[in-house]
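Asker: need coordinates for the below:
(one chain, ligands or ions: 2)
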Amino acid sequence: MGGLRKLIRSTAFRLAAFYLLIFGVSSAGLLGLVYWRSAGFTAQQIDETIAAELQGLNERYRLLGIPGLRQVVAERSAKQSQSLYMLLNPEERPLAGNINGWPKTGVMPGGWMDFEYDLAVAGQTERRRARARKIDIAGGFRLLVGRDVQQRDELVSLIQSAFWWAGGGILAFGLVGGLLVTRSTLRRIDAMGAASQQIMAGDLSRRVPVNGSGDELDRLAASLNAMLDRIENLMTAVRQVSNNIAHDLRTPLNRLRARAEVTLMSEAEPEAYREALERTLQDADALLGTFNALLDIARLEGAADAGPSDIIDLSDIVADVTELYEPVAEDAGITLLAEAEPGAAMVIGDKRLLAQALANLIDNAIKYTPTGGAVRVGAITAGGHAELSIADNGPGVPEAERARIFDRFVRLEADRGKPGAGLGLSLVRAVAQMHNADITAADAAPGLRVTLRLPSAA
Ligand SMILES: Nc1ncnc2c1ncn2[C@@H]1O[C@H](COP(=O)(O)OP(=O)(O)O)[C@@H](O)[C@H]1O
Ligand SMILES: [Mg+2]
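Answerer: Ligands and ions are numbered 1, 2, ... in the order given. As a prediction, the model looks like this:
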């Protein structure tokens, strides 16, 4: 019973009921009009002709008296027609007419009578309905003029029964149709509700059912599913990042704590305490650096629309950053080559962030390339894009890992011993995204080539 209540209270059913009402009222109006134009109109016409004929016969009586009237009534009665006549003398005996006896019914105001009479057809008598009007003539004579209305009455009852059948049919079909349509809609909405309940209960892989009909509910379900996909991806990413953060920050914190503990236990000289504190400070700075880098990345990734707007020459950035890293490269025994003509690659962007990204890439190239290697930094414009590329001839990155190195905290196994937190390339990617740039890592045979393709401003 609860299901039916729910069905009736649904929007779909109310709509169906509303249409049913509108349709019902207009059908009733149409049938009413047909009824009034046919049956009602004929009834009025019949009454008018009867009244006119009676009027005519009354004139005749005034001119010619009872004999004249009797003659006309007899003449007209002899004609084959739907008209009915009867003239009675004061003794209630028929003088002329074509019905067998004065009707035994009550007389309505105006002398009108509705009655049944016997009509002889093909040797048989048939009871038929009639309508007539009578007048009293001076001296006790009475005159009746009427019409056979059997046919009209049959038409009326035909229309009436059509009315009831049509009404019942409309109501039945409307109700059943409305309930069926409503039930299927309701079932689909219930399925959506059930799916969202399960998703809320924790089953993030559940999806809203789509039946492929392409109707509005289906499109709604498809959008909901797309939204759920996106939410699921984001949740997974967030979970991974927090896992990584927890993992990667625990090691340095543990080290810091262990050192403090050991120093405290070993009743050392004040000099040793000072040294331990200094190293603790360095470790704390490194941790703070990691947190700042994480915050920078998050801020850049979140600031999609607060985009940069200066026109900058990438070759300027290349010159500045390579100059900055020249001493580092020299210390590591690496040749650092800047290969960018002034004005060769113009872009719209944030100079400070692009320089930071290039610095991270050069830092990697120098850090992961063995002594004696070379790093080339170039900027060109090709096919409507400004390309900034950094290539080294070190060990490179295996193809399977090339997409992954841009994720937070990802460091290749072989490089765990080197300083770094695995966030440098994540910042580079965040800066790239902010500049609508593509970033790719490729094989420089040997070595790694990272290329940033930015929309050219030339
Ligand atoms: N030029 C390169 N050659 C070889 N491996 C690289 C190079 N650049 C990056 N990688 C690998 O990608 C990882 C991620 O780089 P990055 O995000 O800068 O972190 P970090 O430098 O702090 O380790 C590095 O740990 C290293 O394993
Ligand atoms: Mg790095």
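Asker: quick one: contacts for the residue of the chain found nearest ligand 2?
Answerer: Going by Cβ to the ion, ligand 2 is nearest to residue 424 of the chain, at 2.8 Å. The way it works is simple: take the backbone N, C-alpha and C, and place the C-beta from them, glycine included. Residues near residue 424 by Cβ atoms under 8 Å, 6 or more residues apart in numbering: 293, 360, 361, 363, 364.
Asker: what helix or strand is the most far-flung residue of the chain relative to its centre located in?
Answerer: Going by Cα atoms, centre = their mean, the residue of the chain most distant from its centre is residue 67, 88.6 Å out. Counting by DSSP states H and E, the element that carries residue 67 is helix 41-78.
Asker: contacts for the next helix or strand after that helix?
Answerer: Downstream of helix 41-78, the first helix or strand assigned by DSSP H and E is strand 83-88. For strand 83-88, the external contacting residues (Cβ under 8 Å, 6+ apart) are 53, 69-70, 73, 76-77, 94-99, 102, 117, 130, 132, 141-148.
Asker: again, only using 7 Å
Answerer: 69-70, 73, 76-77, 94-99, 102, 130, 132, 141-148 (Cβ atoms under 7 Å, 6 or more residues apart in numbering).
Asker: are any of those residues buried, and if so which?
Answerer: 69-70, 73, 76-77, 95-99, 102, 130, 132, 141-148 (16 or more other Cβ atoms under 10 Å).
Asker: on that earlier part again, take the contacts of strand 83-88 and keep only those in helices.
Answerer: Among the contacts of strand 83-88, the members found in helices (DSSP state H) are 69, 70, 73, 76, 77.
Asker: now the spatially closest residue to the first one that is not a sequence neighbour: how far from residue 107?
Answerer: Yep, that's residue 69 we're talking about. Excluding the flanking residues, the one nearest residue 69 by Cβ to Cβ, 6 or more residues apart in numbering is residue 61, at 4.3 Å. Relative to residue 107, residue 61 is positioned 20 Å away (Cβ to Cβ, to the nearest Å).
Asker: which residues of the stretch 351-458 of the chain fall in strands?
Answerer: Here the stretch 351-458 of the chain has its strands, by DSSP state E, counting those that start in this stretch, at 374-382, 385-392, 438-443, 448-455.
Asker: which one of those strands is the most hemmed in?
Answerer: Stretch with highest mean neighbour count among these: strand 385-392 (a mean of 23; mean count of other Cβ atoms under 10 Å).
Asker: and it, what does it pack onto?
Answerer: helix 351-368, strand 374-382, strand 448-455 (3 or more Cβ pairs under 7 Å, 6 or more residues apart in numbering; DSSP states H and E).
Asker: picking up where we left off before, now, which of the contacts of residue 424 lie close to ligand 2?
Answerer: residue 364 (Cβ under 5 Å from the ion).
Asker: what's the farthest-apart pair in the contacts of residue 424?
Answerer: Largest separation among those by Cβ to Cβ: 293 and 361, giving 14.8 Å.
Asker: quick one: which of the two has more around it?
Answerer: residue 361 (25 against 18; other Cβ atoms under 10 Å).
Asker: circling back to that earlier point, possible to save the strands of the stretch 351-458 of the chain as a markdown table with distance to ligand 1 and mean pLDDT?
Answerer: Output for the strands of the stretch 351-458 of the chain, formatted as a markdown table (distance: least, Cβ to the nearest ligand atom, whole Å; pLDDT from 0 to 100):
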| stretch | distance to ligand 1 | mean pLDDT |
| --- | --- | --- |
| strand 374-382 | 8 | 96 |
| strand 385-392 | 5 | 96 |
| strand 438-443 | 8 | 96 |
| strand 448-455 | 4 | 96 |
